[in-house]
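A.B. asks: Sequence first, then the predicted structure:
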Amino acid sequence: MNYERSYQEYRDFDRDHIWHPYTQEKNAKANFLVKKAYEEFIEIIDENGDRKKIIDGISSWWVNIHGHCHPYIQEKIKEQLGQHEQVIFAGFTHEPAIKLVDKLLNFLPKTDLFSPSSNPRILSKAFFSDNGSTAVEVAIKMALQFFYNKGWHNKKRIITFTDAYHGDTVGTMSVGATDTFHHAFKSILFPVDRIDGPDKFLKNSKTKPISCEEKIFAEEQSLKALISEIEKRPNEHAALIIEPLVQAAGGMKFHSTTYLQKIREICNHFDIFLIADEVFTGFGRTGTNFACTQASIVPDMICLSKALTGGFMPMGLTFTTKEIYSAFYDDSRLKTFFHGHSYTGNSLSCAAGLASIELFEKEKRLEDVKFINMKMQDQLLKKDLCDLSIIRDIRILGAIAVVEFHTNDQHEYLSSIGPRIQEYFMKNNILLRPLGNVLYFLPPYTISNESLEYCLDKIRCFAYDLEKSVITLQR
Ligand SMILES: Cc1ncc(COP(=O)(O)O)c(C=O)c1O
């Protein structure tokens, strides 16, 4: 096969032989061919065969926090390549895994307002897997097997939230709730108890941005619903899983640190493990190392992936406590945690992960997040924008900016505004992939001031253009 092909040939081969994720291929345009990526930029060949530089406004599905191809991470992977690649992780261990876990032990949430100082909850045991979905599956299986090993066979239900998204494997689809993505598999998913999150109680809000009072009221309603669900099935719940502070794929919905703290308290009260799925929120995205850090809580399990390796290598990690681990530590081999993936503890992924965390110190990454946050607030939380009739809400947290538009579409994720957003921004050399009517901007933390201002300006322009076209249509 000749790899010196023309763009046209690559495009045809791709269309004929490669099936892309989350894409209705029948009406999708040809995929852009990536030639190079660096800093916040991706260089592509566009549909006309022209080379073009675009800004990655979603950190390539939320992974490239230090921009593309950061030289420090590149260097560390190269160093590790000279030592070894994948080596079986059962019966063997290696320095990159040990160094990464050691680094993470200090990086993880440590302060827990809700565990006694005499017996603090400490995330101290790491289990490696391959991606976000597997990091979550591992946590669910650990929680269920903990109670099984203890002989408490009733505790096997999981609590989750409406519009949660935890991945695409069968287990994570079960605890997820994105009907649009998973409706074809409903009959094979295991039953869970699903609680309405705060946004469900905010549907008819009239203020923009939504007022604090309304949000507090909505969160209280959601917590009441949670307690009432738990009380319906006393001692049956093994774990509650939550995307702390931000429900990401479900529409970039935020809740407060107070809400998260109350959930920690409720889980403590009813002896339910709290699983924090920080696959999206982890590694600075919400302004602190982790969302749980911001709320001063420590979950019983935390799931990590995505930005874990700075966007270089796939890897999942699930951390838990010694208490949970102790239920598996036994003379009986039947109490073993029978879970593992071929690429567990991949040394190149570990080297990338370690380098990525080192960059938080070396380059003061959280300061970058603070700067982005300030700029986002400055440009988007302006009265003129909030007052546009097509805007339902504007919200900003850490390095996440969300503009939610009104839509009449029944499936918000399939809203016709979505493709319109994507097309508009691509024309303006910015990659955005909205969640239906929800436009979100999630740049690498290293984005230059110039690119940042350009993207924020284009978001404002898009909202104005949309408003104008809707008003014209109504006339
Ligand atoms: C909160 C959360 N959990 C889990 C996942 C699944 O991660 P992956 O796509 O790596 O399987 C995602 C992916 O978007 C996510 O946002």
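C.D. replies: It's in. Numbering: from 1, shown residues only.
A.B. asks: Domain map for this protein?
C.D. replies: As recorded under automatic domain parsing, the domains making up the chain are 7-66+364-474, 76-362.
A.B. asks: Please convert those to a markdown table, extending it with distance to the ligand and mean pLDDT.
C.D. replies: The way it works is simple: take the backbone N, C-alpha and C, and place the C-beta from them, glycine included. Output for these, formatted as a markdown table (distance: least, Cβ to the nearest ligand atom, whole Å; pLDDT from 0 to 100):
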| stretch | distance to the ligand | mean pLDDT |
| --- | --- | --- |
| domain 7-66+364-474 | 7 | 93 |
| domain 76-362 | 2 | 95 |
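A.B. asks: show me the contacts for the most centrally placed residue in the chain.
C.D. replies: Taking Cα atoms, centre = their mean, the centroid of the chain lies closest to residue 280, which sits 1.8 Å from it. Taking Cβ atoms under 8 Å, 6 or more residues apart in numbering, we find residue 280 in contact with 62, 132, 243, 246, 248, 249, 306.
A.B. asks: Now for these: which two are most distant?
C.D. replies: 132 and 246 (14.1 Å; Cβ to Cβ).
A.B. asks: Neighbour count for those two, which is higher?
C.D. replies: More crowded of residue 132 and residue 246, by other Cβ atoms under 10 Å: residue 132, with 29 against 23.
A.B. asks: my guess is that one contacts residue 167, does it?
C.D. replies: Yes: taking Cβ atoms under 8 Å as the definition, residue 132 is a contact partner of residue 167 at 5.5 Å.
A.B. asks: Need the residues touching each of the two.
C.D. replies: The contact sets of residue 132 and residue 167 overlap at residue 279 (Cβ under 8 Å, 6+ apart).
A.B. asks: Tell me, how many residues neighbour residue 232?
C.D. replies: Around residue 232 there are 9 residues (other Cβ under 10 Å).
A.B. asks: And it, its phi and psi?
C.D. replies: Backbone torsions for residue 232, taken as degrees, to the nearest 10, come to phi -70, psi -30.
A.B. asks: give the contact list for it.
C.D. replies: Residue 232 neighbours (Cβ under 8 Å, 6+ apart): none.
A.B. asks: related to what we said a few turns ago, mind checking the backbone torsions on the residue nearest to the centre of the chain?
C.D. replies: The phi/psi pair for residue 280 (degrees, to the nearest 10) is phi -90, psi -50.
A.B. asks: how much space is there between it and residue 165?
C.D. replies: For residue 280, the distance to residue 165 (Cβ to Cβ, to the nearest Å) stands at 9 Å.
A.B. asks: what touches both of these two?
C.D. replies: With Cβ under 8 Å, 6+ apart as the test, residue 280 and residue 165 both reach 243, 248, 249.
A.B. asks: ok, longest helix in the protein?
C.D. replies: With secondary structure taken from DSSP state H, the chain has its longest helix at helix 449-474.
A.B. asks: Please consider this matter closed, and thank you.
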